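>>> Need a 3D model of the sequence below.
(chains A, B, C and D)
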Protein chains: 2
Amino acid sequence: MPRASVDRTDTRQRLVDAAAELAHQQGFHRTTLADVAQRSGVPLGNVYYYFKTKEALGEALIERLSTMFTMAREVWESHADPRARLGAFIQSTVENSKVVAERGCSVGTLCTDLRKGDSPLLEHASTLFTNLLKWLESQFRSLGKGPESRDLALHLLSAVQGASLLAQTFKDPRYLLRETRRLKEWVQSV
Amino acid sequence: MPRASVDRTDTRQRLVDAAAELAHQQGFHRTTLADVAQRSGVPLGNVYYYFKTKEALGEALIERLSTMFTMAREVWESHADPRARLGAFIQSTVENSKVVAERGCSVGTLCTDLRKGDSPLLEHASTLFTNLLKWLESQFRSLGKGPESRDLALHLLSAVQGASLLAQTFKDPRYLLRETRRLKEWVQSV
DNA sequence: GTCTATATGTGGATAGAC
DNA sequence: GTCTATCCACATATAGAC
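Numbering: from 1, shown residues only, chains lettered A, B, ... in the order given. The predicted structure follows:
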């Protein structure tokens, strides 16, 4: 009994992982189910056993990003000091700068893609940013920033997202590294 | 003789205008030549008389954005003070906030789209950002910021681009307005 | 649960009449 | 220069054998 159940989970997970990687590289809309099937080593028709539609696969993909955010947040919260937590958040982007220069931010580019396609998935995907903004805001509040914390969170996320977009456009991680250096100093001094 | 020549120019321009608007709304990749033809009131086959390929239409679209940048820059430079010029740059985004919340930044979303598609057009499109960064940098240099000007330009553009992305994601211009207010204060105090 | 074959629709591009 | 008809490739989705 565990056998079949485990295999099912494995195959399903492989499909979601492949979809996530391909969507990050090529965009969700450009990624075909044939691409996903091939990378997962699964015949095309089989994809529909696990996901009735491409949109259903998209939902699973967003869930996966949500899980990854939760894990990253735990790492950031391993620091006690809110300033160090914000620094750890920025550091995550630094460590990802090569990938970001190649494919952009996985969440930012996904939301842009979904918005252009007017996809109902955007509603779900945008909660990823909402949750991140809430977390950033709570760190600034812990620093005693009060009501301004909301705008400070927005400023930090905007700068990271914009720098990611530029690094991606110029295919050069240094744009992201230059901006994150500035942001780290800003977090320490704010 | 002027007749035919004028008509040709008109039709061609209508196609580029339609392509620009549709690409901004739906993304360049999702925009079909049939869409462009219909909005221009031109039969599909006719598009190929003016543009051999979709990519050629894309080039014309980028040229159009380049022209619009030049015009915007002239407005910004109607101010003598560099700080006022930077303020005018930010103000352009404020005035565009409703459109940006609906479709994103026309340049930023285009570059993301082209990068995901690994399009050769990205090389051309990225010069739009290069030119904007150069202009911003020269304003900071006029303020006596020296070598740091390059990073200051990057910071300003990053913040605007990131805020545009978030406003677009949440379909709410207020994200952009909150961040531009902060940026205007920053430009005055920097 | 797994796989092949295919229906259905769409998009870039071309041919060729007018 | 303008327009219709169409080719060809590909993408989502389904049918149905195994």
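
>>> report the longest helix in chain A, please.
Looking across chain A with DSSP state H, the single longest helix is helix A:2-26.

>>> now the very next helix or strand once past it and helix A:2-26, what's the angle there?
Counting by DSSP states H and E, the element after helix A:2-26 in chain order, helix or strand, is helix A:33-40. In terms of direction (axes from the mean of the first three to the mean of the last three Cα atoms, to 10 degrees), helix A:33-40 departs from helix A:2-26 by 120 degrees.

>>> Only C-alpha atoms, please: export helix A:33-40 in PDB.
Extracted in PDB, the C-alpha atoms of helix A:33-40 (Å, rounded to 0.1, in the frame of the first residue of the first chain):
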ATOM      1  CA  LEU A  33       3.000  20.500 -20.500                       C
ATOM      2  CA  ALA A  34       5.100  18.500 -23.000                       C
ATOM      3  CA  ASP A  35       8.200  20.300 -21.600                       C
ATOM      4  CA  VAL A  36       7.200  19.400 -18.100                       C
ATOM      5  CA  ALA A  37       6.400  15.800 -19.000                       C
ATOM      6  CA  GLN A  38       9.700  15.400 -20.800                       C
ATOM      7  CA  ARG A  39      11.800  16.800 -18.000                       C
ATOM      8  CA  SER A  40      10.000  14.600 -15.500                       C
END
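
>>> Please report the number of neighbouring residues for the spatially closest residue to residue A:133 that is not a sequence neighbour.
Closest residue to residue A:133 apart from its sequence neighbours, by Cβ to Cβ, 6 or more residues apart in numbering or on different chains: residue A:153 at 5.1 Å. From N, CA and C alone the C-beta is placed, and that goes for glycine too. Look at residue A:153: counted by other Cβ atoms under 10 Å in any protein chain shown, it has 22 neighbours.

>>> What residue in chain A comes nearest to DNA strand C?
In chain A, the residue that lies nearest DNA strand C is residue A:45 (2.1 Å; Cβ to the nearest atom of the strand).

>>> got the contact list for that residue?
Going by Cβ atoms under 8 Å, 6 or more residues apart in numbering or on different chains, residue A:45 touches no other residue.

>>> What residues sit buried inside the host helix or strand of it?
Assigned by DSSP H and E, residue A:45 belongs to helix A:44-50. Residues of helix A:44-50 classed as buried: A:47, A:50 (neighbour count, 16 or more other Cβ atoms under 10 Å in any protein chain shown).

>>> Quick one: name whatever helix or strand follows it.
Immediately after helix A:44-50, counting by DSSP H and E, sits helix A:54-76.

>>> Show me what the following helix or strand past that next one packs onto, helices and strands only.
Toward the C-terminus, helix A:54-76 is succeeded by helix A:82-95 as the next helix or strand (DSSP H and E). Here helix A:82-95 touches helix A:54-76, helix A:121-142, helix A:149-170, helix A:173-189, going by 3 or more Cβ pairs under 8 Å, 6 or more residues apart in numbering or on different chains; DSSP states H and E.

>>> Dump helix A:82-95 to PDB, restricted to CA.
Provided in PDB are the C-alpha atoms of helix A:82-95 (Å, rounded to 0.1, in the frame of the first residue of the first chain):
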ATOM      1  CA  PRO A  82      15.500  42.100  13.700                       C
ATOM      2  CA  ARG A  83      18.300  44.000  11.900                       C
ATOM      3  CA  ALA A  84      20.200  40.800  11.500                       C
ATOM      4  CA  ARG A  85      17.000  39.100  10.200                       C
ATOM      5  CA  LEU A  86      16.600  41.800   7.600                       C
ATOM      6  CA  GLY A  87      20.200  41.400   6.700                       C
ATOM      7  CA  ALA A  88      19.700  37.600   6.300                       C
ATOM      8  CA  PHE A  89      16.800  38.300   4.000                       C
ATOM      9  CA  ILE A  90      19.000  40.500   1.800                       C
ATOM     10  CA  GLN A  91      21.800  37.900   2.000                       C
ATOM     11  CA  SER A  92      19.400  35.300   0.500                       C
ATOM     12  CA  THR A  93      19.100  37.400  -2.600                       C
ATOM     13  CA  VAL A  94      22.900  37.900  -2.700                       C
ATOM     14  CA  GLU A  95      23.400  34.100  -2.600                       C
END
